[in-house]
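Would you be able to build a 3D model of this:
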Amino acid sequence: MSAIADAFLSGRRRAGSEPGAQDRSDPFQLGVAWVETVFVPTVEQADKDLRQFGVGVRHDLNLNRGSTNHPHADFWFVQTAAKSGQSYDGPKYSFNVIDRDIMVYKPGASGRSLGSVDGFGPDQLNELLREAAEEYGEKFRQD
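Residues are numbered from 1 along each chain as shown. Coordinates of the predicted model:
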């Protein structure tokens, strides 16, 4: 093994043996992991569930550390089967993961904390999606 590899492994062993080493994880990467393992699969399942009703859930991600200082994800509802070609898009819900805290923003409302990446999982996100779907359903236009 090279001296560089030995040094790297030595540093990993030393960091792993210090108290609180687990808490020093890169906050940006923790946010990316939450987006990839909680946000994306949950939103994609909601999209799949709604397709039969002519509705989809779109999402957009920015997980590039070079362009933003925190992971960012959006979702919004869209009409997928509009006969007129006009689709009604619902409001965009924007998520910023700052350190371990998940903030959500929606047009016309103040941002609010949803809690930590450690405590806001698929069940909680599904509840938020359920509320958003109900709101979208109230405003949905059928051709």
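
drop to CA atoms for contacts and neighbour counts, all remaining ones
Will do.

remind me which residues of this protein are low pLDDT?
1-2, 12, 14-24, 82-86, 141-143 (pLDDT under 70).

Where do the helices of it begin and end?
Ranges of helices in the chain, per DSSP state H, are 3-17, 27-34, 40-50, 122-139.

Can you tell me what sits against the last one?
Counting by C-alpha atoms under 8 Å, 6 or more residues apart in numbering, the neighbours of helix 122-139 from elsewhere in the structure are 38-39, 42-43, 46, 77, 90.

closest to F95 out of the helices of the chain?
Nearest to F95 among those is helix 27-34 (10.3 Å), distances taken as C-alpha to C-alpha.

Give me the buried positions along the closest one.
Applying a neighbour-count criterion of 16 or more other C-alpha atoms under 10 Å, one finds 27-32, 34 buried in helix 27-34.

from the residues you listed, which is closest to L61?
Using C-alpha to C-alpha, V32 is the member of the buried residues of helix 27-34 that sits closest to L61, with 9.8 Å.

isn't that closest one right up against L63?
Yes: assessed by C-alpha atoms under 8 Å, V32 is found in contact with L63 at 6.2 Å.

Give the intersection of the neighbour lists for these two.
Joint contacts of V32 and L63 (C-alpha under 8 Å, 6+ apart) are P71.

Of all the residues in stretch 121-137, which ones are buried?
Within stretch 121-137, the residues scored as buried using 16+ other C-alpha under 10 Å are 121-122, 125-126, 129, 132-133, 136.

Turn these into JSON lines, including distance to P107.
What follows is the buried residues of stretch 121-137, written out as JSON lines (distance: C-alpha to C-alpha, whole Å):
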{"residue": "G121", "distance to P107": "23"}
{"residue": "P122", "distance to P107": "23"}
{"residue": "L125", "distance to P107": "18"}
{"residue": "N126", "distance to P107": "20"}
{"residue": "L129", "distance to P107": "16"}
{"residue": "A132", "distance to P107": "13"}
{"residue": "A133", "distance to P107": "16"}
{"residue": "Y136", "distance to P107": "14"}
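
quick one on the thing from earlier: quick one: which of the buried residues of helix 27-34 is nearest A3?
Q29 (27.6 Å).
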